[in-house]
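Trainee: quick one: sequence and predicted model below, then my questions.
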Amino acid sequence: MQPAEVRLDGIGKSYGEQWAVRGVNLHIRRGEFFTFLGPSGCGKTTLLRIIAGFVFPDEGTIYLDGQPMNHVPPWRRNVGLVFQNYALWPHMTVFENVAFGLRERKVAPSEIERRVMETLKQVDLQGTENRRPSQLSGGQQQRVAVARTLVIQPRLLLLDEPLSNLDAKLRIDMRIELLKLQRDLGLTTIYVTHDQEEALALSTRIAVMNGGRVVQESTPRQIYEQPANEFVAAFVGKANLFSGKVLQADPRVIEVQTEDNLVIRVASSASAKLPERGDEVLLSVRPEAMEIRAAGTEPTGANQLTGHVAASAYQGSFVEYEIQLAGRVLKTYTINPKGRALFQRGQGVVVIFAADDVVIVRSDGE
Amino acid sequence: MAFLFAILIAFILYPILRVLWIALSDETGNLTLIHFLNFFRRPLFREALGNTLVSGLLVVVFSGLISLPLAYIIARYEFRGKILLQTAATLPLVIPPFVGAVALQLILGRSGMVNLLLMRWFDMTIPFMEGLTGVVLVQTLHFFPFILLNTVVSLSNIDPSMEEMAQNMGCHGFRLFRRITLPLMLPGFIAGSLLTFIRAIDDLGTPLMLNYKNLLAPQAYLRITTVGMDDVDGYVVCVVLVVLSLISLLAARKYLGLAEYATVQRSAPVTRRLHGKKLLLVWLLCGAILGVSLLPHIGILLLSFSKVWSFTLLPTAYTLGNFAEILFRAPHFIKNTLLYTLLAAGLDIILGAAIAFLLLRSRLAGRNLLDAIATLPLAIPGVVLAVGYLRVFHGWDFPGLGAPLTSSWVILVVAYTMRRLPYTVRASYAALQQVHVNLEESAQSLGANRLKTFAKVTLPLISGGLVAGGLIGFVTSCVELASTIMLVPRIELGPISYGIYIYMQSPLGRGAGAALGVVAILLVSLGTYLTHRIFGGRAGNAFRI
């Protein structure tokens, strides 16, 4: 079956006084891996359930392949779904679980047998068909849930935090498996998660959600490198945020004076529209963009701030330092310096970062 | 531990084994099956066994038919008046079946309200209450809530994503119910049915009140009380009853174990609101159920205030005399009930907590055996336990009592305590299971010794469960008839249930018996209400073992 495209047009759903989602406009293209990312309660699962047909929207229209779907029940949508808890039926064997959707579609028994076995092989579960779900490990159960959905050849795959019940190492392995599977099948996929790493690793595009609204919709790189606002900057990855006033703004460089009286230079390309002198702005700098040198080093970058090491955490592939400045603490990641010594707690340092690495974001107040 | 074992062996295991031994041995003390062969050779007993099985099954089937749609409505729909339906579902629990039997006689019996009307209008009568039909009718009306509550619990325990997934796969409507919902709730439903079956075959009061003797429980009772304590047939009947109950109990536990596997991990199931025609239909259904399940209550209330009520639709003269009789002339029935049942409930709480603590917090060998013996009373009909007690404790002076145990009221407290022990053991076990060991270990590492830890951390956390278990024991002991009528040493030592039975024997005493019935209903309602307050929405769990 050809993968579907999905269009959400002004979708809203309220529970009593509370809007679970509101004013959501999205276009998910054929073959995309699209992620709804946000904290719990942001409305991402409600949105997924609206697409699956378990929840009917109060406002707006949902289109699958151009067809309005608002009041089509779940069993007529031919949309695959994998739940966080897998929802494998405990009273059926693995085979029966996977065969369920085919039986509902009145597929011939020999054909069912063939397709179930083929799909089980695809997810590397040959030989488990006569077991009960409770006899499988968490990772195997997860793959049964995926197989059960794939076997009906849905036009759209919906995944509701499918990896969050797995332990950390397995989660990363399954992430890659899922990625390969989706890219091979070219299946339009909508993925719901609160895990920003997962979202960045898997998606072709991400919609970051907060308070029932989509706050930014973009590619993983753009979400991370050009967060649209304070919420996205803080939720996706770590960010050092500075609020301040524009001192000087010309096409070459923008200078911002922060609340704690630091002056930070920002590349003028960081913002589509050049801010005016005196504008209130919020700046974001990622921890890995900050370089640390021992105090007294010759100035090399556009921005350098002096302080001392307040804490250091060795993480293997990188070292996390917290640098105490006059009025605030900066978070920085330094790639493992290999042979060289680490900075010690209390040691005076200079934090250096380029004007290109500073992003102007909208503050949440606006 | 040794003390607990001593108590359980003396008052549960040994009396049962004595009954078993008498049924299985000949005069010379050798093992024999001859008594069982004789049992099956006698048409009377074959018939009693057949009747017991048939009536038990019919009660289960009819209860199931009432419960299934009601359970589905309660678990899956929101509508105005739902609380009424839920109340209606617990009402039968507060009226003892033998009291209900009397009340239903007045309404549906040969010369009851309904048949008098039928006679007047259509010149016909329907024998609702004759023979086995009456027993099945009374028991169904009384026992269906047990199946209902179990079914509601299983239904609401089904993870909603199980059904959503099936819908997503293209399955819906009745097909969804048949392929997913029904199989997932079936274990709970079957377990509830089996427990109801045990209660139905265990029920001595209803057949006695309806004067239908050809069932196993009344046969055992009649054999022992009229033919005599040495009549082997009585013991054989007892053993047959125990075997039936035990098989049902074991099967029920197996199914309950199965029922756990599909329980919720996520939020409560989605309930839908009912509107329009469907709502009307549900209201009609609720009204019908509520009406029928209230019949016994109405009947007994009318009777308790009636001076004369025979061959008329309603009583012809009203009086408060019945209440005067039981409150002032014969107040001992109520006093005895309170004394016995509160003592038994208190003992049950202590024993139950101790056993649960050993089960969960100790590694002592034999604790599982302890659990097994403590659970055994669930499968021991009251008649059988009473027969065992009579056999074991009759004719020798119990230490510290100066008389045989069976000639003192203490025997009733012992019987109630042992019969209800499984409830407090389960309740304490469940409560203690909720208390993570880490909570206790934290207290100990902060300097509290074992005793202090128990008093300051464990006890406050499990007290709700303990009290709830005790309340269930209290409620059910209040209306315990089977072991009571066999064990009451003298009439003035009898509790309410015995009083009702005695009063009901004479037409003149019926009013006073009904007044006692009203008191019993009030006591049970109070206990049930308190249990609900403590257990909250999970009150249904109290009736699953």
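Mentor: Now that the structure is in, tell me what you want to look at. Remember, predicted model here, so these are calculated numbers, not experimental data. Numbering: from 1, shown residues only, chains lettered A, B, ... in the order given.

Trainee: A:Ala145 against A:Gln84, yeah?
Mentor: No - using CB atoms under 8 Å, A:Ala145 makes no contact with A:Gln84, being 9.7 Å away. Any C-beta I mention is one placed from the backbone N, CA and C, and that applies to glycine too.

Trainee: between those two, which has more neighbouring residues?
Mentor: A:Ala145 (25 against 20; other CB atoms under 10 Å in any protein chain shown).

Trainee: ok, and the closest non-adjacent residue to the more buried one?
Mentor: Take A:Ala145 and drop its neighbours on the chain: the residue closest to it by CB to CB, 6 or more residues apart in numbering or on different chains is A:Tyr86, 4.0 Å away.

Trainee: give me the residue at the spatial middle of chain B.
Mentor: Computing the C-alpha centroid of chain B and ranking residues by CA atoms, centre = their mean puts B:Arg199 first, at 5.8 Å.

Trainee: tell me the contacts of it?
Mentor: Counting by CB atoms under 8 Å, 6 or more residues apart in numbering or on different chains, B:Arg199 touches B:Phe143, B:Phe146.

Trainee: in a helix, B:Asp230, correct?
Mentor: No - per DSSP: H, G, I helix; E, B strand; the rest coil, B:Asp230 lies outside any helix segment and is coil.

Trainee: what's the pLDDT at it?
Mentor: Listed pLDDT for B:Asp230 reads 74.

Trainee: my read: B:Gly170 touches A:Gly101, true?
Mentor: Yes - applying CB under 8 Å, one finds B:Gly170 in contact with A:Gly101, separated by 6.2 Å.

Trainee: any idea whether B:Leu58 is helix, strand or coil?
Mentor: helix.

Trainee: could you find the closest non-adjacent residue to it?
Mentor: Excluding its sequence neighbours, the residue lying closest to B:Leu58 (CB to CB, 6+ apart) is B:Val136, at 4.7 Å.

Trainee: helices or strands up against the helix or strand hosting the one you found?
Mentor: If you go by DSSP states H and E, B:Val136 is part of helix B:131-157. Judged by 3 or more CB pairs under 8 Å, 6 or more residues apart in numbering or on different chains; DSSP states H and E, the packing partners of helix B:131-157 are helix B:43-76, helix B:82-90, helix B:97-108, helix B:182-202, helix B:205-209, helix B:276-304.

Trainee: CSV for those helices, including distance to A:Ala108 and mean pLDDT?
Mentor: Output for the helices and strands packed on helix B:131-157, formatted as CSV (distance: least, CB to CB, whole Å; pLDDT from 0 to 100):
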stretch, distance to A:Ala108, mean pLDDT
helix B:43-76, 34, 88
helix B:82-90, 45, 75
helix B:97-108, 55, 82
helix B:182-202, 24, 87
helix B:205-209, 56, 86
helix B:276-304, 38, 82
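
Trainee: what touches both of A:Ala145 and A:Gln84?
Mentor: Here A:Ala145 and A:Gln84 share the contacting residues A:Pro162, scored by CB under 8 Å, 6+ apart.

Trainee: so B:Tyr212 makes contact with B:Val136?
Mentor: No - contact criterion CB under 8 Å: B:Tyr212 and B:Val136 do not qualify, at 10.2 Å.

Trainee: quick revisit: quick one: residues contacting the residue nearest to A:Ala145.
Mentor: A:Pro133, A:Gln141, A:Gln142, A:Val144, A:Ala145, A:Pro162, A:Asn165.

Trainee: in a strand, it, correct?
Mentor: No - counting by three-state DSSP, A:Tyr86 is not part of a strand but coil.

Trainee: could I get the phi/psi values of it?
Mentor: A:Tyr86 adopts backbone torsions of phi 70, psi -30, taken as degrees, to the nearest 10.

Trainee: one more: B:Glu78?
Mentor: Dihedral angles for B:Glu78 - degrees, to the nearest 10 - are phi -110, psi 130.

Trainee: residue contacts, A:Glu111?
Mentor: Each residue near A:Glu111 by CB under 8 Å, 6+ apart is listed here: A:Leu102.

Trainee: can you classify the nearest residue to B:Leu302 once chain neighbours are set aside as helix, strand or coil?
Mentor: Leaving aside its chain neighbours, B:Leu302 sits nearest to B:Pro315 (6.0 Å; criterion: CB to CB, 6+ apart). Look at B:Pro315: counting by three-state DSSP, its state is coil.

Trainee: correct me, but B:Pro315 touches B:Gly299?
Mentor: No - using CB under 8 Å, B:Pro315 makes no contact with B:Gly299, being 10.7 Å away.

Trainee: okay, those two: which has more neighbours?
Mentor: Taking neighbours as other CB under 10 Å, B:Pro315 and B:Gly299 compare with B:Gly299 leading, 26 against 18.

Trainee: what sits against that one?
Mentor: B:Gly299 makes contacts with B:Val102, B:Ala103, B:Leu104, B:Leu106, B:Ile107, as judged by CB under 8 Å, 6+ apart.

Trainee: can I have the buried ones of these as a ChimeraX selection?
Mentor: Remark: buried members of those, expressed as a ChimeraX selection using 16 or more other CB atoms under 10 Å in any protein chain shown:
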select /B:102,103,104,106,107
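
Trainee: list the contacts of A:Gly66.
Mentor: By CB under 8 Å, 6+ apart, the contact set of A:Gly66 is A:Glu5, A:Arg7.

Trainee: near chain A, which residues of the stretch 51-200 of chain B?
Mentor: B:159, B:161-162, B:164-172, B:179-180, B:183-184 (CB under 8 Å from any CB of the partner chain).

Trainee: how does it look with 6 Å?
Mentor: Neighbours of chain A within the stretch 51-200 of chain B, by CB under 6 Å from any CB of the partner chain: B:Ser161, B:Met162, B:Glu164, B:Met165, B:Gln167, B:Asn168, B:Met169, B:Gly170, B:Cys171, B:His172, B:Pro183.

Trainee: and these, which of them are buried?
Mentor: Neighbour-count burial (16+ other CB under 10 Å) applied to those gives B:Ser161, B:Met162, B:Glu164, B:Met165, B:Gln167, B:Asn168, B:Met169, B:Gly170, B:Cys171, B:His172.

Trainee: now, those residues that are in helices?
Mentor: B:Ser161, B:Met162, B:Glu164, B:Met165, B:Gln167, B:Asn168 (DSSP state H).

Trainee: quick one: residues contacting the first one.
Mentor: Which is B:Ser161. B:Ser161 sits next to A:Phe83, A:Ala87 when contact means CB atoms under 6 Å, 6 or more residues apart in numbering or on different chains.

Trainee: go on, the fifth one?
Mentor: The contact partners of B:Gln167, taken as CB under 6 Å, 6+ apart, are A:Pro74, A:Trp75.

Trainee: same thing with the second one?
Mentor: By CB under 6 Å, 6+ apart, the residues touching B:Met162 are A:Ala87, B:Ile180.

Trainee: count residues in the vicinity of the residue nearest to A:Pro220 when sequence neighbours are not counted, would you?
Mentor: Of all residues not flanking A:Pro220 in the chain, A:Leu200 sits nearest, at 4.4 Å (CB to CB, 6+ apart). Neighbour count for A:Leu200, taken as other CB under 10 Å: 18.
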